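Undergrad: below are the sequence and a predicted model for it; my questions follow.
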Amino acid sequence: MSAGRDFLGPYRLVRLVRSGQTCQIWEAVREGETGRLALKILLEHQRKNKHQIGMLKREAEIGSQLDSPYLIRVFEFNNSFGLPFVAMELFNAKNLKQEMRENSERIAFYATEIIRRCAKALGYMHEHDWIHCDVKPDNYLVNEKAEIKLIDFAISQRWKKKAGLMGFLGGGTKNISGTRSYMSPEQIRGKGLDPRSDIYSLGCLIYEMLSGKLPYAGVSADDLLSKHLRAQVPNVAAVNKSVSSDMANLIQEMMAKKPNDRPESIDAFLKKFKAIQVYRPGQKPEDPDAKNANTEDKKS
């Protein structure tokens, strides 16, 4: 780091939160301030990678325009101190993918609230003319109170509504970005996108959250993409019999191959979601914290 091992410009690095293939997340304090924030810093071997620098800069440019309690707040992009980084809100939580793996009972208990909040995050983006384009459990942080923050806006795209029709600004693209396990058919085909593409991906996320499995698996990348394009939409209630038929049907609607067969907006989805129960009567999982507390009381 330019100002010493524990500093990056005016930021003092407090602790490493997590490390990925291209970036590290550090908890940090800005000189002269007391509040903590997070720095997303490119790894040293990536610091001259123009593509990665561009992605980081784009994430900051988009994120700094957005202000919602359901989205991580982004403050600045900086490339003045030897390592490109983005300064953003610190939210001490693991991502939803990790929580599903490590605390599945808690995620199951809070499923209704988590789903609602995940949708609200996307609804805010859509209302402000953005499609996230990479909706997946890894891009939602969730804490013990089931509060969530949507992160990573690097491949988000503008969209606009004209004469009742939704359309992606700029049309299709040859360079398809996204995560294969959650990509909508139109995203895979490189066609124009609108919020219904995010709704498809959210359906995949909800399916995984309620079943513990991805909706589709493939023997290769191409096989996986082919299933998103052509395979029958799976029924989550066939995997988890506690899930209500109404919830299973709603997920299938979200994951319809044709955008016109999906809920037309996040508001339309939330209206349907509010009218149903995630679990069948009497099948909602127990609160794991209460269960653990009762166990401790019996021991004492």
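TA: Sure, I can see it. Residues are numbered from 1 along each chain as shown.

Undergrad: now do the contacts for Leu225.
TA: By Cβ atoms under 8 Å, 6 or more residues apart in numbering, the contact list for Leu225 reads 180, 183, 188, 218. Backbone N, C-alpha and C define where each C-beta goes, glycine included.

Undergrad: same check on Met88?
TA: Contacts for Met88 (Cβ under 8 Å, 6+ apart) come out as 37-40, 63, 72-75.

Undergrad: got JSON lines for those residues, with pLDDT and distance to Gly192 too?
TA: Listed next are the contacts of Met88 as JSON lines, based on pLDDT from 0 to 100; distance: Cβ to Cβ, whole Å:
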{"residue": "Leu37", "pLDDT": "97", "distance to Gly192": "36"}
{"residue": "Ala38", "pLDDT": "97", "distance to Gly192": "34"}
{"residue": "Leu39", "pLDDT": "97", "distance to Gly192": "35"}
{"residue": "Lys40", "pLDDT": "97", "distance to Gly192": "30"}
{"residue": "Gly63", "pLDDT": "96", "distance to Gly192": "23"}
{"residue": "Ile72", "pLDDT": "98", "distance to Gly192": "27"}
{"residue": "Arg73", "pLDDT": "97", "distance to Gly192": "29"}
{"residue": "Val74", "pLDDT": "97", "distance to Gly192": "26"}
{"residue": "Phe75", "pLDDT": "96", "distance to Gly192": "32"}
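
Undergrad: how long is stretch 264-284 end to end?
TA: Using Cα to Cα, to the nearest Å, the end-to-end distance of stretch 264-284 comes out at 29 Å.

Undergrad: actually stretch 262-269, sorry about that
TA: Start to finish, the residues bounding stretch 262-269 are 9 Å apart (Cα to Cα).

Undergrad: the helices in the protein, which residues?
TA: Taking DSSP state H, the helices of the chain run over residues 50-63, 96-102, 104-109, 111-127, 185-188, 195-211, 221-230, 245-254, 266-274, 288-299.

Undergrad: let me have those helices in CSV, extended by distance to Arg12.
TA: Formatted as CSV, the helices of the chain follow (distance: least, Cβ to Cβ, whole Å):
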stretch, distance to Arg12
helix 50-63, 20
helix 96-102, 27
helix 104-109, 33
helix 111-127, 30
helix 185-188, 40
helix 195-211, 36
helix 221-230, 42
helix 245-254, 44
helix 266-274, 39
helix 288-299, 35
